[in-house]
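Peer 1: A predicted structure for the sequence below; I have some questions about it.
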Amino acid sequence: MSAEPLLSVRDVVKTFEVSRGFMAKKKLVHAVNHVSFDIMPGETFSLVGESGCGKSTTARMVDHLILPDSGEIIFDGKRIDNLTDREMQTFRRDIQMIFQDPYGSLDPRMKIQDLVAEPLLLHTDMTAEERRKEAVQWLNIVGLSEAHGQRYPHEFSGGQRQRVGIARAMTVHPKLIIADEPVSALDVSIQAQVLNLMDDLQKEYNLTYLFISHDLSVVEMISDHIGVMYLGTLVEVAEKKQIFEKPLHPYTKALLSAVPQPDPDHPNQRISLEGEIPSPVNPPAGCLFHTRCPYCTDICRRVTPELRDMGNGHICRCHRTEEINQEAGKDHVQV
């Protein structure tokens with residue numbers, strides 16, 4: 001494995017203008033606030049958090065679908081956030097995306113075979129017959145047949161459509177795949193099949209994944225490293241084992257405590273957070289989590305905490321990390 005990250009996101013910020021009427025004063029939604037992380041070749045980095053925390057916005061900036069207000073995105077040694085759409089075409093085949101809604105991402109008027117072959121039409125000089133053969137090969141790899149290629153998206157189940165989406169992303173042999181909630185719309189048994197397929201493809205083709213999810217049980221199955229986001233900000237980043245066995249941030253602890261336990265004898269240590277998530281239009285001063293944190297003190301209300309390395313690459317954004325985990329060491333949640 002290379003010592004250099006395939007993807008580096010550095011201090012990225014994204015805001016959106018919103019207004020409630022023609023004469024209303026425009027306000028800014030702070031969607032992503034100074035987010036930084038690295039993804040090494042061949043690993044899976046997952047972003048988790050509640051809906052609206054900025055996970056998908058971050059993914060879309062990596063894929064150059066939207067541009068950051070500030071910060072840098074470096075892919076394979078090249079800064080890409082400042083490229084034009086034409087300049088970005090060079091990297092399009094190396095960065096592919098799997099979407100949350102497989103049906104919404106497939107043109108209902110096109111046959112499956114043509115949908116899978118479409119990236120080859122855009123990014124290669126293959127003939128029509130070569131594209132057809134390549135599409136059939138990838139359909140077979142993801143568990144479908146050549147006959148499936150002659151059908152239309154509405155004739156498939158959700159799991160089959162997601163397999164089509166994976167095959168289409170793989171045809172151009174990308175280096176990075178951004179998977180934005182790829183299994184959230186599927187039944188649990190189908191989720192496992194799709195995740196196993198993604199794992200097999202990663203091992204076979206040395207893929208790198210940026211995986212977006214709110215489901216911690218899914219994230220535990222597929223991740224190498226995890227970044228926990230809250231209100232557009234990364235509050236904790238660590239290896240999967242560290243996150244699940246020894247979470248440091250109060251928000252991460254609360255998320256883990258909410259994961260259902262299949263063992264009825266497992267002690268229930270649910271941590272309930274009071275209050276609502278603050279508005280991204282008017283985020284609170286100091287620590288963004290202080291309005292819901294049971295450990296909040298005066299410094300949390302006044303001073304914005306920095307990301308600190310607490311050892312072994314375990315990074316946490318909290319003023320009171322050491323105190324909280326010394327006092328509540330016995331309350332660590334294991335999943």
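Peer 2: Structure's in. What do you need? Residues are numbered from 1 along each chain as shown.
Peer 1: need the contact partners of the helix or strand where residue 238 lies.
Peer 2: Counting by DSSP states H and E, the element that carries residue 238 is strand 233-239. If you take CB atoms under 8 Å, 6 or more residues apart in numbering as the criterion, strand 233-239 is touched by 33-37, 54, 224-229, 243, 247-249, 251-252, 288-289, 307, 312-318. Bear in mind the C-beta positions are built from the backbone N, C-alpha and C, glycine included.
Peer 1: mind checking which of the residues you listed are in strands?
Peer 2: Using DSSP state E, the members of the contacts of strand 233-239 that fall within strands are 33-37, 225-229, 307, 315-317.
Peer 1: which pair of these spans the longest distance?
Peer 2: Farthest-apart pair in the ones in strands among the contacts of strand 233-239 is 33 and 225; separation 20.1 Å (CB to CB).
Peer 1: what's near enough to touch the residue nearest the centre of the chain?
Peer 2: Nearest to the mean C-alpha position of the chain, counting by CA atoms, centre = their mean, stands residue 212 at 2.1 Å. With contacts taken as CB under 8 Å, 6+ apart, residue 212 has the following neighbours: 46-47, 55-56, 59, 178-181.
Peer 1: can you classify it by secondary structure?
Peer 2: For residue 212, the reduced secondary structure class is strand; criterion used: DSSP: H, G, I helix; E, B strand; the rest coil.
Peer 1: any idea of the pLDDT on it?
Peer 2: In this model, residue 212 is scored at 95, pLDDT.
Peer 1: would you mind measuring from it to residue 193?
Peer 2: Residue 212 sits 19 Å away from residue 193, going by CB to CB, to the nearest Å.
Peer 1: likewise residue 80?
Peer 2: Distance, residue 80 to residue 193, using CB to CB: 33 Å.
Peer 1: what of residue 280?
Peer 2: 35 Å.
Peer 1: between these two, who's got more neighbours?
Peer 2: With neighbours defined as other CB atoms under 10 Å, residue 280 and residue 193 compare such that residue 280 has more, 22 against 16.
Peer 1: helix or strand for the more buried one, which one?
Peer 2: With DSSP H and E as the criterion, the answer for residue 280 is that it lies in no helix or strand.
Peer 1: residue 30 too?
Peer 2: When elements are defined using DSSP H and E, residue 30 is found to belong to strand 27-39.
Peer 1: identify all contacting residues around that strand.
Peer 2: Defining contact as CB under 8 Å, 6+ apart, one finds that strand 27-39 is touched by 5-19, 45, 54, 57-58, 61, 68, 71, 176, 208, 210, 225, 227, 229, 231-234, 237, 280-281, 283, 288, 307.
Peer 1: buried residues in it, which are they?
Peer 2: 29-39 (16 or more other CB atoms under 10 Å).
Peer 1: cool, and stretch 66-85?
Peer 2: In terms of neighbour count (16+ other CB under 10 Å), stretch 66-85 has its buried residues at 68, 71, 73-76, 80-81, 83.
Peer 1: need those residues in JSON lines with secondary structure, can you?
Peer 2: Supplementary listing: the buried residues of stretch 66-85 in JSON lines, determined by three-state DSSP:
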{"residue": "68", "secondary structure": "coil"}
{"residue": "71", "secondary structure": "strand"}
{"residue": "73", "secondary structure": "strand"}
{"residue": "74", "secondary structure": "strand"}
{"residue": "75", "secondary structure": "strand"}
{"residue": "76", "secondary structure": "coil"}
{"residue": "80", "secondary structure": "coil"}
{"residue": "81", "secondary structure": "coil"}
{"residue": "83", "secondary structure": "coil"}
